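K.L.:
below are the sequence and a predicted model for it; my questions follow.
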Amino acid sequence: MDRRAALERWLSERYGAGAFALAPASADASFRRYFRVTLAGATPATLIAMDAPPEHEDCRPFIHVAGLLADAGLNAPRIVAQDLDQGFLLLTDLGRETFLAALQDPDIDAGRTDALYADAIAALIRWQQASRPGVLPPYDDALLRRELALFPDWYVGRHLGVTLSAEQSADLARVFDAIVANNLAQPAVFVHRDYMPRNLMVSEPNPGILDFQDAVYGPIAYDVASLFKDAFISWPEPRVIDWTVRYWEQARRASLPVDADFGAFYRDFEWMGLQRHLKVLGIFARLKHRDGKAGYVEDTPRFVAYVRHVAARYNGLGPLLRLLDDLEGSMPQAGYTF
């Protein structure tokens, strides 16, 4: 029996055959798939079914973090039913419009854009205020380095087909040491780890929060960088700075452990973002070459631009900028500009 048929049988056991309609809702970069379940004459009228093949995905972190978000008073899907042996979850439906879709609406104005980001900032502050050690896996040295290794292994080696010289590898290792040292020096809080507009839903209360199963306990600037330097939409730096200042001011009022000097915090924000963007370059390449999901690499020029911008700004990152210069002839050309 294929997985959709198994999911339909599971739902039929709960609601009765013919009592619901199933339609694709979304998919993500993992093996998970989501379906919208429309129930005949029921309240609520729709739910979301998650199909997470147990041989590839573990639903338990999703359930755990959903509880943490709910405890923090945030709007995350509630677990209606579960079958962990089959890898099925039934969730409340947070709506159809992501923040990303709203922000990409050609008719959106600056006030609406600021309002969406204000809601995202307020929710992030509440999430971070709920932080405590020992509840989520640590975002530690080993994890940071595993993520950074995706850049040379998958983006440079597999996607660009380039073998780094011994000198280039040594230079990159020193850059990675500096990035890891900076990020581990930051205060630790709950980290969603993919807190970006594509994973936030226009909802009531706003935002609805999705894709949180990989949450960890780690650097305070990570989710801020994910939100303002997004994988799928870019903003001019003055606007990024303005939103980052708004977050920083609210974080200080909430007694979160951000640096008292905004310049120092913004440096942490940029170095944390650099780690994320190098990781994502590797992940997007891996999605294409290992998992057959080619669409993600279309956004790699955005990440290369993010990396270049930060590498050109700070002492110690010059070798990374030189490496990008060396690789430029190997990078696929895309119709994408900043």
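P.N.:
Thanks, I have the structure now.
K.L.:
tell me the phi and psi of residue 218?
P.N.:
phi -170, psi -160 (degrees, to the nearest 10).
K.L.:
for the closest residue to it other than its chain neighbours, give me its contacts.
P.N.:
The spatial neighbour of residue 218 that comes closest, neighbours along the chain excluded (C-beta to C-beta, 6 or more residues apart in numbering), is residue 139 at 2.4 Å. The way it works is simple: take the backbone N, C-alpha and C, and place the C-beta from them, glycine included. When contacts are counted by C-beta atoms under 8 Å, 6 or more residues apart in numbering, residue 139 touches 188, 191, 193, 216, 217, 218, 219, 222.
K.L.:
export those as JSON lines, with columns for pLDDT, distance to residue 124 and neighbour count.
P.N.:
Converted to JSON lines, the contacts of residue 139 look like this (pLDDT from 0 to 100; distance: C-beta to C-beta, whole Å; neighbours: other C-beta atoms under 10 Å):
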{"residue": "188", "pLDDT": "98", "distance to residue 124": "15", "neighbour count": "19"}
{"residue": "191", "pLDDT": "98", "distance to residue 124": "10", "neighbour count": "26"}
{"residue": "193", "pLDDT": "97", "distance to residue 124": "12", "neighbour count": "20"}
{"residue": "216", "pLDDT": "98", "distance to residue 124": "15", "neighbour count": "18"}
{"residue": "217", "pLDDT": "98", "distance to residue 124": "15", "neighbour count": "18"}
{"residue": "218", "pLDDT": "98", "distance to residue 124": "14", "neighbour count": "25"}
{"residue": "219", "pLDDT": "98", "distance to residue 124": "13", "neighbour count": "25"}
{"residue": "222", "pLDDT": "98", "distance to residue 124": "11", "neighbour count": "26"}
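K.L.:
can I get those in JSON lines with distance to residue 292 and secondary structure?
P.N.:
Formatted as JSON lines, those follow (distance: C-beta to C-beta, whole Å; DSSP: H, G, I helix; E, B strand; the rest coil):
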{"residue": "188", "distance to residue 292": "36", "secondary structure": "strand"}
{"residue": "191", "distance to residue 292": "29", "secondary structure": "strand"}
{"residue": "193", "distance to residue 292": "24", "secondary structure": "coil"}
{"residue": "216", "distance to residue 292": "28", "secondary structure": "strand"}
{"residue": "217", "distance to residue 292": "33", "secondary structure": "strand"}
{"residue": "218", "distance to residue 292": "31", "secondary structure": "strand"}
{"residue": "219", "distance to residue 292": "32", "secondary structure": "strand"}
{"residue": "222", "distance to residue 292": "29", "secondary structure": "helix"}
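K.L.:
what's the farthest-apart pair in these?
P.N.:
Using C-beta to C-beta, the contacts of residue 139 reach their maximum pairwise distance at 188 and 193, which is 13.0 Å.
K.L.:
got a pLDDT number for residue 75?
P.N.:
Looking at residue 75, its pLDDT reads 98.
K.L.:
what about it, how many residues nearby?
P.N.:
Residue 75: 20 surrounding residues under other C-beta atoms under 10 Å.
K.L.:
what of residue 289?
P.N.:
Close neighbours of residue 289, defined as other C-beta under 10 Å, add up to 15.
K.L.:
how close does the residue nearest to it when sequence neighbours are not counted get to residue 48?
P.N.:
Nearest residue to residue 289, sequence neighbours excluded (C-beta to C-beta, 6+ apart): residue 158, at 5.1 Å. According to C-beta to C-beta, to the nearest Å, residue 158 and residue 48 sit 34 Å apart.
K.L.:
what do you get for residue 121?
P.N.:
26 Å.
K.L.:
cool, residue 328 as well?
P.N.:
From residue 328 to residue 48 the distance is 42 Å (C-beta to C-beta).
K.L.:
the more surrounded of those two?
P.N.:
The residue with more neighbours, out of residue 328 and residue 48, is residue 48; 19 against 12, by other C-beta under 10 Å.
K.L.:
which residues pair with that one across the strands?
P.N.:
residue 36, residue 91 (DSSP bridges).
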